[in-house]
Each structure stands twice: as structure tokens, then as C-alpha cells.
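In: Quick one: sequence and predicted model below, then my questions.
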Amino acid sequence: MVITGLDPQQLAALRRDLVDHGGNSVEPFIDDAGGWPLRCCLRDSHAGDRLAIVAWNPFPWAGPYAETGPIVIHVDDCDVEHRTVVPEQFHVRRQLVRPYARDHRIAYDLTSIVEADGTLDAVLADLLERDDVERVVVRNVMAGCYSFTATR
């Protein structure tokens, strides 16, 4: 399993141009307290980090199921890396697990909410073993914001 946040090339372009996927100007702010869930480096922010809330489309295809929505990022460079396990902060937050089939449609019958109980890795691994699932997009339950993508 490969866990990814944001595409590094798209993130670099957004940081360079200061325009998000919705065509909005990026408006940086300084994090006063920490704890924002960052989608660039898949960790929580620290007080003093320079952040922005931006519109982002995490899909490598266009179409009606390729949604754009708000996420929080570092405005400056950070460590964007692929992982083989889910970062710890996602295990303590409920997550919406949304599989996508090879035709780039949501596999509604496989969509679920995973409780903050440490089972997220296993749920994702089970879904990715299915031949009819291309990728799984994980989202925050309360806000619906993109968390990360899991692929084979």
C-alpha cells in the first residue's frame, strides 16, 4: 500500500503561482496554536507554521467524481513523501473511506466510515486487494476535506 498526500509537482506550481485549483489567490497565515491537519506532508501543524487553506483536486483525472475541496497546506516547502502505512494522526480521527473503481466512479457500496480505533490500515489494505478498486480517497468525516490517497 502507498499513502500519498498531494502531488509534489502540482503543489510546487500552487506555491510558485499562489493560485489554488479553484482559481483562488492563496492567502497565507501564521498558525497561532498548531494542530491543523496538513495534506502536504501528512502531519499536524505546529505553532508558527506558515499555512494556507486552499482548494485542491487530488485526482489524476477529470470528470464528475473528481472533486475539488478545501485543504490546509504549508505555504513554504515541506517534506512531501510517500508512505506505506497511515500516519498516526489519522488513526485518532474518524475517516470517511471512499474507494474509486477503475472507471473513476465512486464505489458507493464499499464506502464507509472508519472509527478512530486503529483499523484504518487494515480497512485500506482490504479494499486495495479488490480487483475492482483502483484507489481509495480518505476524507475527514466532519468537514469532508481530503485527507490522503491509498493505492497499491
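Out: Okay, I see it.
In: Which residue ranges make up the domains of the chain?
Out: Annotated domains of the chain cover 2-74, 88-151 [automatic domain parsing].
In: Tell me the secondary structure at residue 9.
Out: With DSSP: H, G, I helix; E, B strand; the rest coil as the basis, residue 9 sits in helix.
In: related to what we said a few turns ago, format the domains of the chain as CSV; extra columns: mean neighbour count and distance to residue 81.
Out: (Each C-beta comes from the backbone N, C-alpha and C, glycine too.) Putting the domains of the chain into CSV (neighbours: other Cβ atoms under 10 Å; distance: least, Cβ to Cβ, whole Å) gives the following:
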stretch, mean neighbour count, distance to residue 81
domain 2-74, 16, 8
domain 88-151, 16, 12
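In: which stretches of this protein form strands?
Out: Under the criterion DSSP state E, the chain contains strands at 2-4, 29-30, 50-56, 69-74, 95-101, 112-114, 133-140, 146-151.
In: Select, out of the ones you listed, the one closest to residue 125.
Out: Taking Cβ to Cβ, strand 146-151 is the member of those nearest to residue 125, at 8.5 Å.
In: The closest one pairs with which strands, parallel or anti?
Out: strand 2-4 (antiparallel), strand 133-140 (antiparallel) (DSSP bridges).
In: Save the strands of the chain as CSV, and put in mean pLDDT and distance to residue 82 too.
Out: Formatted as CSV, the strands of the chain follow (pLDDT from 0 to 100; distance: least, Cβ to Cβ, whole Å):
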stretch, mean pLDDT, distance to residue 82
strand 2-4, 94, 5
strand 29-30, 98, 28
strand 50-56, 98, 17
strand 69-74, 96, 17
strand 95-101, 97, 18
strand 112-114, 97, 21
strand 133-140, 97, 13
strand 146-151, 96, 9
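In: sorry, back to before: so which of the domains of the chain is nearest residue 80?
Out: Nearest to residue 80 among these is domain 2-74 (5.0 Å), distances taken as Cβ to Cβ.
In: contacting residues for residue 35?
Out: 44, 45 (Cβ atoms under 8 Å, 6 or more residues apart in numbering).
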